[in-house]
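1. What follows is a predicted protein model with its sequence.
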Amino acid sequence: MERRALEWLADHGLVDQAEAERRAAARPDPELPAGAAPDGQAIARAVAADLAELYGPRLRRVVLFGSWARGDAHPESDVDLLVVLDAVASSWEEGARMDEVLWRRSLDSGAVVCAVPIGEADSRAPERPLVARALAEGVPVG
């Protein structure tokens, strides 16, 4: 993680490139044992199944987006999900409703699972850039 932070700082001109490379070389990322890295796709499928049980017919679809959908995830990547429901009166209330599912799957997998609840209407005409990007790059989970 520290190496990625140094790379980002150098890419944005906030630290000297040579200094960032020197410091990054002194701090290699830890190696995970084979099979220890989380599987974002599998985690997303498990969360989608839990959400289907929680919401029943209100759940329209679950979309995996971010680094796992793009294929550039690393072992510390979180699992980003767009949760499309029939309607959402309050994103905060829906987030609280699915909180237990997200925490349980996060603890079980070792990866942070994040979800953005939206209504079906918002998925057809997204106003928030995050939602538009998630729909554009996302992969349906099923």
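-> Yep, that arrived. Everything numeric here is computed off the predicted structure, so don't read it as measured data.
2. For stretch 135-142, which residues meet the burial criterion?
-> 135, 138-139, 141 (16 or more other CB atoms under 10 Å). C-beta coordinates here come from the backbone N, C-alpha and C atoms, glycine included.
3. Now it: average pLDDT?
-> Taken as a whole, stretch 135-142 has a mean pLDDT of 93.
4. Can you measure across that stretch, start residue to end residue?
-> 15 Å (CA to CA, to the nearest Å).
5. again with stretch 104-123
-> Note: stretch 104-123 ends 27 Å apart using CA to CA.
6. ok, then the element right after the helix or strand hosting Val116?
-> Counting by DSSP states H and E, the element that carries Val116 is strand 113-119. Next helix or strand after strand 113-119 toward the C-terminus (DSSP H and E): helix 120-124.
7. tell me what that next one is packed against?
-> strand 79-85, helix 129-137 (3 or more CB pairs under 8 Å, 6 or more residues apart in numbering; DSSP states H and E).
8. angle of the shortest one against helix 129-137?
-> To tie it back to what came earlier, the one meant is strand 79-85. Put simply, strand 79-85 runs at 100 degrees to helix 129-137, going by axes from the mean of the first three to the mean of the last three CA atoms, to 10 degrees.
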